[in-house]
Each structure stands twice: as C-alpha cells, then as structure tokens.
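Enquirer: Provide a 3D model corresponding to the input given below.
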Amino acid sequence: EQLAAAGINGDGAGGGGAGAAEAAASAASSSRRAAARRRGLWATALAPRWAVGAELARTLGALSLFTEAVRLFEELELWDEMVSCLIVLQRGWEAEDIVRRRLDDAKTATPAMHCYLGDLQKEESHYAKAWEKSNGSCARAKLSLGAAAMAREAWAEARAHLKDALRVKAHYHQAWYSSALCALKLGDDDGALVDLRKVIAIDPTQLHAWAHLGALFQKKKLKREALYAFREVTRLRGDDWRHWQNRALSAVSLAHFEEALFCARRSMEAGGPADAEGTSLVAQALHKRLPAAHGATGDRLFAKLRAFCVLCCTKEPQLPKHWAVRVYVERECGGGSRRELRDALVGQAAALKEHTAWKTDADTLAALVEATAQLAVEVIDEADVAQARATHKLVRSLLHGAMDSLGATPATEELRMLDAKFTRHLDD
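Expert: Numbers count the residues shown, from 1 in each chain. Predicted coordinates for the structure are as follows:
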C-alpha cells in the first residue's frame, strides 16, 4: 500500500522516477522502524483493560459525570462504586435493588454491601451485621454506628464504637476528633486531650482540634501549650476575630504584652468588638511591673497600649468600659499629658450620661458622679475657665436629672458639693 501510494507499479517503475524511488525507500525505512517498536510492545507495563476502564470511570465520577460513570461501573461489575454514584444521583431505589441482589449471592454479600444497605434504610442493625460478618475488621461499620450514636447523643456508646473502628484503622483523624468530642461531652478532659493530640499528629491542619486543645490547655493551666495551640489556630484561619481574642488573652497570661496587643488589634480588624477586658488586663499587668517596665521596651509598650485604648474608644465611643480603661492607662501608667487624661474623663462622663440609665439606677449614677468628680479635679488644677464652665454645666445637668428619682442618694449630695465648688472657683 505504501508503494502504491508512492506511485510505484509492480515492476518497480513509476511515473515519479527518482523521486518515487526515494519515497519508496523512506516508506520501507519507516515500516522497519515500526516493526522494531512493535517487537518491544509486550515488554512494557500495559494496564489491563478493566483497570483502565475503572480509572476512567472514577475520573468521570470525580468530574461529576455520574451517569456515564454508573454505566462503566456496571460494565466492569464494580458494584461498590456504582452504588455510591447512584446514591449521589438520588436513585436510591436502584442502589437498594443492586445491594439486595448482591446480598442474595453468598459470593458477593460483602460487609460493604451491608453498610450500603444501612445507609439506604437508616438501620443500625445492618452496620452491626457488617461488623459481625467481617469478624471485626470493617471499620466503616463501626464508624457508622458511632455517628448514629452521636446523633442520638449517646456519647459513651458512640465513643466505644469509634474506639473499635480506630483499633482497625488508626489513621482516621475524623474518628479521633469525634471521639474527643464524645469525651468532652462526658467530662473526660484527659481522654479528650489524648484523642486531640492524635488528630494533630495525623493531620496538623485540623483547625478545630487546635482550638479545642487550646481551650483544654487553658483549663488545665498549661499556659504555654495553650498559647502555642492558639497561635496554630490563627495561622490556619486568621479571619475569625474570636481566635485572635483567645490568643490575646492567652498571651496576657504569659506576660507577652506586645503579642496580646497585636492580637487584640487583629481581632478588631477581623470585625470583632473592641476587647476592653483584655486591654484592662494588659494595663493592670503593666502597672504592676511599672518599676521594671521603664526604658525603651516599656515606653514602646505604653505607647502601643495607649494607641490601642484610643482605637477602642474611637470604634465604640458609646461604651463606658473603654473610656474607663483609657482613664486607668492615662492615670496609672503615665507617659501621657494631662490633656489626654482630661479628654478620657470627658469621654467617660459623656458615655455614662448618654448611654446608661443613670437617672433611675443609683449605682450607675455613682459611677457617673465619680468620673465627673475626677474631671472636676483636673479642670480646676488646669485653671481652664472655658473647660471649667463646661464641666460646671455638666454637673448642674446631672443634678437636675437625678433630683426626681435619686435626690436623697450620696451621689446626688456629692453633685451638690461639686456645684458649690465650681461656683466658688468661677467666682474667684
């Protein structure tokens, strides 16, 4: 055929002359090379047809082409994969029919088929039968029994099933995690710690396992381990403000103040509320260490703490607790000006006046009067007439508002004294 295509007749002569002869020689050479390649064909590791077909069917399933995958699985008699595809296609009646036909034949009645029947009928007895038929080697049966027990909140039973499954296949990190959750529900913190450590040993990227480990370490006063766990949590997922807040509190407990402030700021950037409690803990800890905290490091810490307090008050100016922490920082930690302290006191008084029920609640009125009294001291010491008039106006406003319901309280009496004090000061 190659010679005819080259225009050569049976006698070896053709209309192409020398060109036809060259073409014939080239065709013959190509044919010899192909024959040489074919001689080594069967020495290559060719996969059998059924293996290639199975790989193709699984690839189609991974691409969500389940209908075509079902056809190939049926042709190759790969019943497990076929049943899985039918379940995904919500053709449970077909899947159940196939499973029952497989179970009717002793040769194909495998533990996996009993598990599929349990999935389709939601019957735990089929999983128990699969476990029995496998002589205790079908981990999937025990995992399914554990999941069913967890759904019924039978935590001890679920944990026992999961432990049986893990004795067969110990690399299921999901089973270790589920076992840890059951232990937590049963109050077994030590057992939960063991299981959670197994989870991260198998898969160090398990976010929830690290989060539970951090909480358990904190509960057991293992501060360094807790901080390490929370660092892993924020590394794996940095867009959840609660993780940053947990890490900040853990860092405070170890006196890692710069890390705590960094985490608190990241928590706010991730959409979380300003953490007044964490900031207060940092401020109190720094105040206790004040003699040893001065110097370059201490000054840097105080500056960061003050900047964070300002940020909290800017984000949520209506919450008095942020202003209270800022007042504490300005007054006790030092380093700021008297004007900054006065501004903090003004903000605290305004937040208490505008956003609390001070007219009817004696304790809230007492807190507001305390902030106003501190502000009065600062204003009088500065001899700022304009600010003194504004503060005097605030005192009279509070006195007028408290007279109706809280006129006989000590806080109201202190307001009268402040009113008289400002009157004398302004007259002078």
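Enquirer: So Y328 sits against T279, correct?
Expert: No: using CB atoms under 8 Å, Y328 is not in contact with T279; the gap is 9.4 Å. (C-beta placed from N, C-alpha, C; glycine too.)
Enquirer: Please identify which of the two sits among more neighbours.
Expert: Legend: neighbour count by other CB atoms under 10 Å for Y328 and T279, higher for T279 (26 against 17).
Enquirer: Sketch out the low-pLDDT regions of the stretch 1-150 of the chain for me.
Expert: The model of the stretch 1-150 of the chain has pLDDT under 70 over residues 1-20, 23-25, 27-28, 40-43.
Enquirer: in the stretch 201-350 of the chain, what spans have low per-residue confidence?
Expert: Within the stretch 201-350 of the chain, the segments meeting pLDDT under 70 span 287, 289-298, 334-336.
Enquirer: got the residue ranges for the strands in it?
Expert: With DSSP state E, counting those that start in this stretch, there are no strands along the stretch 201-350 of the chain.
Enquirer: What are the boundaries of the helices in it?
Expert: Applying DSSP state H, counting those that start in this stretch to the stretch 201-350 of the chain gives helices spanning 207-219, 223-236, 241-253, 257-269, 276-288, 290-293, 296-315, 320-328, 338-355.
Enquirer: Could you export the ones you listed as JSON lines, including distance to A62?
Expert: Listed next are the helices of the stretch 201-350 of the chain as JSON lines, based on distance: least, CB to CB, whole Å:
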{"stretch": "helix 207-219", "distance to A62": "25"}
{"stretch": "helix 223-236", "distance to A62": "26"}
{"stretch": "helix 241-253", "distance to A62": "33"}
{"stretch": "helix 257-269", "distance to A62": "38"}
{"stretch": "helix 276-288", "distance to A62": "46"}
{"stretch": "helix 290-293", "distance to A62": "59"}
{"stretch": "helix 296-315", "distance to A62": "47"}
{"stretch": "helix 320-328", "distance to A62": "53"}
{"stretch": "helix 338-355", "distance to A62": "57"}
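Enquirer: so which of these gets nearest A386?
Expert: Judged by CB to CB, the one of these that comes nearest to A386 is helix 338-355, at 12.3 Å.
Enquirer: Run through who's touching the closest one.
Expert: For helix 338-355, the surrounding residues in contact (CB atoms under 8 Å, 6 or more residues apart in numbering) are 306, 313, 317-320, 322-324, 326-327, 330-331, 358, 364, 367-368, 371-372, 374-375, 378-379, 381-382, 387, 394, 397-398.
Enquirer: Could I have the buried ones of the residues you listed as PyMOL selection syntax?
Expert: To isolate the buried members of those in PyMOL, using 16 or more other CB atoms under 10 Å:
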select buried, resi 306+313+319+320+322+323+324+326+327+330+358+364+367+368+371+372+374+375+378+379+387+394+398
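Enquirer: Distance of the nearest residue to M113 once chain neighbours are set aside relative to R58?
Expert: Nearest residue to M113, sequence neighbours excluded (CB to CB, 6 or more residues apart in numbering): R102, at 4.9 Å. From R102 across to R58, the span is 20 Å (CB to CB, to the nearest Å).
Enquirer: Over to L286?
Expert: Distance, L286 to R58, by CB to CB: 61 Å.
Enquirer: Equivalent analysis for V282, please.
Expert: Counting by CB to CB, the gap from V282 to R58 is 55 Å.
Enquirer: who has more neighbours, these two?
Expert: In this view V282 and R58 are compared by other CB under 10 Å, and V282 has more residues nearby, 29 against 16.
Enquirer: so that one makes contact with L305?
Expert: Yes: taking contacts as CB under 8 Å, V282 lies within contact range of L305: 6.1 Å.
Enquirer: just the strands in the stretch 51-200 of the chain please.
Expert: For the stretch 51-200 of the chain, applying DSSP E, counting those that start in this stretch gives no strands.
Enquirer: residue ranges for the helices of it, please.
Expert: 66-76, 79-88, 92-104, 111-121, 124-133, 139-151, 155-168, 173-185, 189-202.
Enquirer: okay if I get these as a markdown table plus mean neighbour count?
Expert: Listed next are the helices of the stretch 51-200 of the chain as a markdown table, based on neighbours: other CB atoms under 10 Å:
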| stretch | mean neighbour count |
| --- | --- |
| helix 66-76 | 18 |
| helix 79-88 | 20 |
| helix 92-104 | 16 |
| helix 111-121 | 21 |
| helix 124-133 | 19 |
| helix 139-151 | 21 |
| helix 155-168 | 20 |
| helix 173-185 | 22 |
| helix 189-202 | 18 |
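Enquirer: Dump the ones you listed into TSV; add distance to F262 as well.
Expert: Shown next, in TSV, are the helices of the stretch 51-200 of the chain (distance: least, CB to CB, whole Å):
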stretch	distance to F262
helix 66-76	49
helix 79-88	46
helix 92-104	53
helix 111-121	48
helix 124-133	49
helix 139-151	38
helix 155-168	39
helix 173-185	30
helix 189-202	24
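Enquirer: and S250, which of those helices is closest to it?
Expert: Per CB to CB, nearest to S250 of these: helix 189-202, 16.6 Å.
Enquirer: ok so, going back, relative to S31, which of the helices of the stretch 51-200 of the chain is closest?
Expert: Of all these, helix 66-76 sits nearest to S31, with 36.6 Å by CB to CB.
Enquirer: Touching that closest one from outside, list them.
Expert: For helix 66-76, contacts defined as CB under 8 Å, 6+ apart pick out 50, 53-54, 56-58, 60-61, 79, 81-82, 85-86, 88-89.
Enquirer: and which of the residues you listed is nearest T412?
Expert: Proximity of the contacts of helix 66-76 to T412 (CB to CB) peaks at V88, which lies at 72.9 Å.
Enquirer: Enumerate every residue touching the closest one.
Expert: F66.
Enquirer: same question, D80
Expert: Counting by CB under 8 Å, 6+ apart, D80 touches 112-113, 116.
Enquirer: any idea how far it lies from V199?
Expert: 28 Å.
Enquirer: now E340
Expert: Remark: distance between E340 and V199 (CB to CB) = 49 Å.
Enquirer: cool, C138 as well?
Expert: C138 is 22 Å from V199, by CB to CB.
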